[in-house]
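Visitor: how would this look folded up:
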Amino acid sequence: MSFSFPKAHADKLEFLIDAQAYYSRFARALELAQEKVVMVGWNVDSRTSWVDPQTGQRIKLSTHIRRCLQANPKLHIYILCWDFNSFVGKNREWWPYYRPEAWGQRVHFQKDFFHPLLSSHHQKIVLIDDQLAFVGGFDFCEGRWDTPEHRPIDRERVNSKGKHYSAFHDVQSLVQGPVVQDLVEVVTGRWLKASGNELKSSVKINSDLNQLFEKNNSILRDCSVQVCLTQPEFQQQKPLRENLRATIELLKSAKKYIYIENQYFTHTRLVKVLLQVLKTRSGPEVILVLPRSSHDKFEEYTIGITQRRALNFLKQNDYWNRLRVCYPRLEASDQHRLYVHSKLLIVDDCFVKIGSTNLNHRSMSFDTECDLLIAAHEEEQKKQIHSFRNQLLSEHLDTSSKVLECQEARGYSLLQMIDERSKKPRSLQEWPDGLRWFEWFLWSQEPWFDRRKPLFKLQSSAFSIKNLLRRTGSAPSVDF
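Guide: Residues are numbered from 1 along each chain as shown. Alright, predicted model coming up:
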């Protein structure tokens, strides 16, 4: 496979499970940053808050940014955020888009509208002094913070309005080494397309960033990492389908198991690949972990229906009983749901693909995405990936990694470990079958909201009121 970036090297790579681990680590990284922090996301909300694991106090993103800027006069923070449309504007913070100067003098806020109509900038990357990066499925927005306990009701899980939200699960990676320079090039390119200006490079070596890696945690060392991109054809920008190609190759290469956590699973090509995998008599076990409920009714009756069709088709063709389509249950009554937002693929303890890419048509061709494909060549690296997978499973199955390791040593398969705990209150449950009769007639296999190609070759900013005003000279332009 040929990619925009060649295979690179990571000195250290650590997986961060759930927002408590990621947000607290980011807060520490912001304190250690010397010159530059770049935050790239689908959304960056100043109201985002989390609980400090050491003090137990709640930290607000805007307050923490302001504190770090005051402590370090040389620090600049760059925020690149999708110029969203009204379909997803319900829970968004609107003022940064129309008063970006309110972030502060050394916070440079830029809207990314360089994409076709109805497409989105969906990458989730944070760079610290161009030497360390966070890559995964997390945005900085409300409704994301949670702990691995995922309590059905948690008094700390509230938004800025004091409203409680559901349990939330996602994963992020923390990486250091030469591969970070490839991510710097990705971010610099996006910033240039969105703003017309180039980001200045960080020149000083920040040795303090080594403190961010926790000694007691599983860390991959000296591993091979590939940056995989998705971007739509737009103006002079060539289309990239690297995430689709990499995902297909990984699924085809599986020998023992395929473990997937994802927000969506609707891509018809991936359904066909998995179908071939399931037809093979001696093929791998396949575990799909998805959210049980959609975000809202609109999503439930759009992409939700397409997803149920795809999953039903796979389950009906599971010839050798090697497939489990699951959702995490938190309690016996199943009243409080855990929303799975991860974009994660693990194959045979040898490969991990983690980033912003959902397994739907949009993420594989129409939106702007960035993932890391991690390959383990040494036994110690494979052990770390194995440990990471067991951490995820133990969280969903309400047990410990040591228990799972003991069961594996006794010959248990992944499916047996999942099935054995299916009666427990907290467990992985079989995704429900069936579609209601009227849902068969609502949408085709590739509806307009989950497209591979743009409907029209129009720029998203054409429908941005402020950009229209700027073009006519009626609105002031903020000099960043």
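
Visitor: switch to C-alpha atoms for all contacts and neighbour counts from now on
Guide: Fine.

Visitor: Longest helix in this protein, please.
Guide: With DSSP state H setting the assignment, residue counts place helix 379-397 as the longest helix in the chain.

Visitor: Contacts for that helix, please.
Guide: Here helix 379-397 makes contact (C-alpha atoms under 8 Å, 6 or more residues apart in numbering) with 15, 17, 148-149, 218-221, 223, 328-329, 346, 349-352, 376, 400-401, 404-405, 418, 421, 426-428.

Visitor: Filter the residues you listed down to the buried ones.
Guide: Buried by 16 or more other C-alpha atoms under 10 Å: 15, 17, 148, 218-221, 223, 328-329, 346, 349-352, 376, 401, 404, 418, 421, 426-428, out of the contacts of helix 379-397.

Visitor: Next step: these restricted to strands.
Guide: Counting by DSSP state E, the members of the buried ones among the contacts of helix 379-397 that fall within strands are 15, 17, 219-221, 223, 328-329, 346, 351-352, 427-428.

Visitor: The residues you listed into CSV, with extra columns for pLDDT?
Guide: What follows is those, written out as CSV (pLDDT from 0 to 100):
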residue, pLDDT
15, 96
17, 97
219, 91
220, 94
221, 94
223, 95
328, 97
329, 96
346, 98
351, 97
352, 98
427, 97
428, 97
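
Visitor: and which of these is nearest to residue 270?
Guide: Set against residue 270, the nearest of those by C-alpha to C-alpha is residue 346 (15.1 Å).

Visitor: That closest one: what's it in contact with?
Guide: Under the criterion of C-alpha under 8 Å, 6+ apart, the contact list for residue 346 reads 258, 259, 260, 352, 353, 389.

Visitor: Report the two of these separated the most.
Guide: Of all pairs drawn from these, the widest gap by C-alpha to C-alpha lies between 353 and 389 and measures 12.3 Å.

Visitor: Which one of the two is surrounded by more residues?
Guide: The residue with more neighbours, out of residue 353 and residue 389 and counting by other C-alpha atoms under 10 Å, is residue 353; that gives 26 against 18.

Visitor: Please name the residues that touch the residue nearest the centre of the chain.
Guide: Here the mean C-alpha position of the chain is nearest to the C-alpha of residue 137 (C-alpha atoms, centre = their mean), at a distance of 1.3 Å. Taking C-alpha under 8 Å, 6+ apart as the criterion, residue 137 is in contact with 124, 170, 171, 172, 341, 342, 343, 354, 355, 356, 357.

Visitor: How about residue 46?
Guide: Residue 46 is in contact with 60, 61, 62, 93, 140, 141, counting by C-alpha under 8 Å, 6+ apart.

Visitor: go with 10 Å
Guide: Applying C-alpha atoms under 10 Å, 6 or more residues apart in numbering to residue 46 gives the contacts 60, 61, 62, 63, 64, 65, 93, 96, 103, 140, 141, 142.

Visitor: returning to what we had before: of the contacts of residue 137, closest to residue 244?
Guide: Checking the contacts of residue 137 against residue 244 by C-alpha to C-alpha gives residue 357 as the nearest, at 9.2 Å.

Visitor: how deep is the residue nearest to that closest one when sequence neighbours are not counted tucked in, by neighbour count?
Guide: Ranked by C-alpha to C-alpha, 6 or more residues apart in numbering and with sequence neighbours excluded, the top spatial neighbour of residue 357 is residue 363, at 5.3 Å. Using other C-alpha under 10 Å, the number of residues around residue 363 comes to 30.

Visitor: Can I take it that residue 363 is in a helix?
Guide: Yes: looking at residue 363 with DSSP: H, G, I helix; E, B strand; the rest coil, it is inside a helix.

Visitor: isn't it right next to residue 247, touching?
Guide: No: at 11.9 Å, residue 363 and residue 247 do not qualify as touching, with contact defined as C-alpha atoms under 10 Å.

Visitor: what's the domain layout of the protein?
Guide: According to automatic domain parsing, the chain is divided into the following domains: 12-218+457-472, 224-448.

Visitor: so which of these comes closest to residue 6?
Guide: Distances from residue 6 to each of those were compared using C-alpha to C-alpha; the shortest belongs to domain 224-448, at 6.8 Å.

Visitor: Contacts only, for residue 131.
Guide: 33, 175-181, 183-184, 202-207, 209.

Visitor: now swap in residue 39 and tell me
Guide: 77-81, 109, 124-128, 133-134, 139-140, 187.

Visitor: Let's see which of the residues you listed end up in helices.
Guide: Among those, the residues falling in helices (DSSP H) are residue 187.

Visitor: Please pick the buried ones from the contacts of residue 39.
Guide: When neighbours are counted using 16+ other C-alpha under 10 Å, those contain these buried positions: 77-81, 109, 124-128, 133-134, 139-140, 187.

Visitor: what stretches of the stretch 301-450 of the chain score poorly on pLDDT?
Guide: Of all residues in the stretch 301-450 of the chain, those with pLDDT under 70 make up the ranges 434-450.

Visitor: Now do the helices in this structure.
Guide: According to DSSP H, the chain carries its helices in the segments 19-32, 61-71, 95-98, 179-195, 242-253, 268-279, 297-300, 303-316, 361, 379-397, 401-409, 414-420, 465-472.

Visitor: Now distance to residue 118 too, for the ones you listed, in a markdown table please.
Guide: Supplementary listing: the helices of the chain in a markdown table, determined by distance: least, C-alpha to C-alpha, whole Å:
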| stretch | distance to residue 118 |
| --- | --- |
| helix 19-32 | 28 |
| helix 61-71 | 28 |
| helix 95-98 | 18 |
| helix 179-195 | 16 |
| helix 242-253 | 20 |
| helix 268-279 | 21 |
| helix 297-300 | 15 |
| helix 303-316 | 15 |
| helix 361 | 13 |
| helix 379-397 | 34 |
| helix 401-409 | 42 |
| helix 414-420 | 39 |
| helix 465-472 | 16 |
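
Visitor: what about the ones you listed, which gets the closest to residue 8?
Guide: Ranking these by distance to residue 8, with C-alpha to C-alpha as the measure, places helix 179-195 first at 5.1 Å.

Visitor: Give the buried subset of the contacts of residue 131 as a ChimeraX selection command.
Guide: Listed next is the ChimeraX selection for buried residues among the contacts of residue 131, using 16+ other C-alpha under 10 Å:
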select :33,175,176,177,179,180,181,183,184,206,209
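
Visitor: Just the ones of the contacts of residue 131 in strands?
Guide: Those of the contacts of residue 131 lying in strands (DSSP E): 175, 176.

Visitor: Residue 3 is nearest to which of the domains of the chain?
Guide: That would be domain 224-448 among the domains of the chain, by C-alpha to C-alpha, at 6.5 Å.

Visitor: circling back: find the residues that touch each one of residue 353 and residue 389.
Guide: 345, 346, 347.

Visitor: if we can go back for a sec, just name the most buried of the helices of the chain.
Guide: Among the helices of the chain, ranked by average contacts under mean count of other C-alpha atoms under 10 Å, first place goes to helix 361 (a mean of 24).

Visitor: That helix - contacts with which helices or strands?
Guide: For helix 361, the packing partners by 3 or more C-alpha pairs under 10 Å, 6 or more residues apart in numbering; DSSP states H and E come out as helix 268-279.

Visitor: Could you list every helix and strand that the helix it packs on packs against?
Guide: Contact partners of helix 268-279 among helices and strands, from 3+ C-alpha pairs under 10 Å, 6+ apart: helix 242-253, strand 285-289, helix 303-316, helix 361.

Visitor: please redo it, this time with the cut-off set to 6 Å
Guide: Counting contacts by 3 or more C-alpha pairs under 6 Å, 6 or more residues apart in numbering; DSSP states H and E, helix 268-279 packs against no other helix or strand.

Visitor: No more questions from me, cheers.
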